[in-house]
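Asks: Sequence unavailable; structure follows:
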């Protein structure tokens with residue numbers, strides 16, 4: 001078994017606070033650059049250990065949406081340089097493990113953990129009796145190095161997944177990047193919709209999001225759209241967007257998240273209109289980065305009013321995104 005250097009936690013969002021907790025695992029495995037996409041392998045494997053489902057979902061019995069569903073979490077961790085993601089099934093058996101049993105069975109016997117990093121507020125084990133102090137005592141006699149990472153703050157408050165969720169629910173998109181270290185994005189496959197946008201001159205890509213993806217406030221956003229990396233492996237069979245050097249391969253667009261009240265909505269949809277671009281995107285996977293919340297969703301008296309408002313939204317989004325180029 002190859003030894004591991006482990007960062008342990010829930011890590012929903014992989015925000016800057018999480019990245020601080022992950023950093024010791026990277027450094028211990030010979031990785032010091034969080035932005036590195038690939039580094040030479042060291043004598044141990046940099047590993048993130050997390051839980052699926054989220055412990056709160058298990059104990060509450062309520063389905064929980066995620067800032068980063070598992071594929072997106074793996075994507076973010078790989079970008080940081082993490083070599084291995086271990087998902088522990090959080091069930092009754094795992095919930096009953098004492099802190100000592102968790103350390104011995106999961107970390108030592110299961111992963112041959114040589115060093116461990118956690119956030120200062122992390123709890124584990126039956127009844128949440130395991131904490132930093134308990135781990136320090138348990139690991140000291142097992143020759144495992146422990147790093148307890150202090151909580152990270154921004155703007156006077158602690159960075160947390162719940163704080164990011166609250167900002168997204170309020171449409172406060174600009175407040176997200178200083179917490180995540182990147183823009184919040186929606187990723188998914190373009191699927192066929194009702195094609196109403198084409199009839200009023202604004203064709204949209206309807207994005208099918210991953211299961212449990214956390215969606216922000218309903219309304220209209222200025223966004224930037226990119227193809228996901230797997231597009232590049234499809235060769236000439238996959239249509240590609242024309243590159244825009246001014247936007248660094250990000251494409252200006254306007255997005256609506258809502259229930260389409262003007263045309264008898266049927267559940268929440270995500271529709272993206274790419275500015276100054278035409279083509280067939282069906283079946284392709286896109287990443288949509290939220291730049292600015294423009295307005296709440298609203299109902300119009302008819303398609304003419306809707307068309308006029310979309311035109312105004314597109315103009316506002318274009319102005320907003322162009323201002324980024326000269327900032």
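Replies: Alright, I've got the coordinates. Not measured: the values here are computed from a predicted model.
Asks: Return the residues in contact with residue 191.
Replies: 206-208, 282 (Cβ atoms under 8 Å, 6 or more residues apart in numbering). Where you see a C-beta, it was placed from the backbone N, CA and C, and this is true even at glycine.
Asks: same deal with residue 255?
Replies: Counted by Cβ under 8 Å, 6+ apart, residue 255 has contacts 220-223, 270-273, 288, 290.
Asks: List just the nearest of these to residue 71.
Replies: Nearest to residue 71 out of the contacts of residue 255 is residue 288 (Cβ to Cβ; 15.6 Å).
Asks: residue contacts, that closest one?
Replies: Neighbours of residue 288 in contact, by Cβ under 8 Å, 6+ apart: 185-187, 207, 223-225, 253, 255, 270, 272.
Asks: still on that earlier bit, just the contacts of residue 255 now: which is nearest residue 164?
Replies: residue 290 (11.8 Å).
Asks: Would you mind measuring from that closest one to residue 296?
Replies: Separation of residue 290 from residue 296 (Cβ to Cβ, to the nearest Å): 15 Å.
Asks: Pick out whichever of the two has more residues nearby.
Replies: With neighbours defined as other Cβ atoms under 10 Å, residue 290 and residue 296 compare such that residue 290 has more, 22 against 11.
Asks: May I see the buried residues of the one helix or strand the more buried one maps to?
Replies: Assessed by DSSP states H and E, residue 290 sits inside strand 285-295. By 16 or more other Cβ atoms under 10 Å, the buried positions in strand 285-295 come out as 285-294.
Asks: Dump these to TSV, plus distance to residue 63 and pLDDT.
Replies: Output for those, formatted as TSV (distance: Cβ to Cβ, whole Å; pLDDT from 0 to 100):
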residue	distance to residue 63	pLDDT
285	24	89
286	25	92
287	24	94
288	23	96
289	26	96
290	23	97
291	29	97
292	30	96
293	26	97
294	30	96
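Asks: Closest one to residue 141 out of those residues, please.
Replies: Nearest to residue 141 among those: residue 287, at 46.1 Å, using Cβ to Cβ.
Asks: show me the biggest helix of the protein in terms of residues.
Replies: If you go by DSSP state H, the chain has its longest helix at helix 303-326.
Asks: Does anything pack onto that helix? Which helices or strands?
Replies: The elements that helix 303-326 packs onto, with contact taken as 3 or more Cβ pairs under 8 Å, 6 or more residues apart in numbering; DSSP states H and E, are strand 219-227, strand 251-258, strand 285-295.
Asks: Of all these, which one is nearest residue 2?
Replies: Among the helices and strands packed on helix 303-326, strand 285-295 sits nearest to residue 2 (Cβ to Cβ), with 32.2 Å.
Asks: Tell me the strands beside the closest one, with direction?
Replies: Counting by DSSP bridges, the strands paired with strand 285-295 are strand 185-191 (antiparallel), strand 219-227 (antiparallel).
Asks: Give me the angle between the first one and strand 251-258.
Replies: Here the directions of strand 185-191 and strand 251-258 differ by 80 degrees (axes from the mean of the first three to the mean of the last three Cα atoms, to 10 degrees).
Asks: and what of the last one?
Replies: Computed with the same axes, to 10 degrees, the direction of strand 219-227 lies at 140 degrees from that of strand 251-258.
Asks: residues making contact with strand 219-227?
Replies: With Cβ under 8 Å, 6+ apart as the criterion, strand 219-227 contacts 171, 173, 240-241, 247, 249-258, 272, 274, 284-297, 313, 316-317, 320-321.
Asks: Let me know the average pLDDT across it.
Replies: When pLDDT is averaged over strand 219-227, the result is 94.
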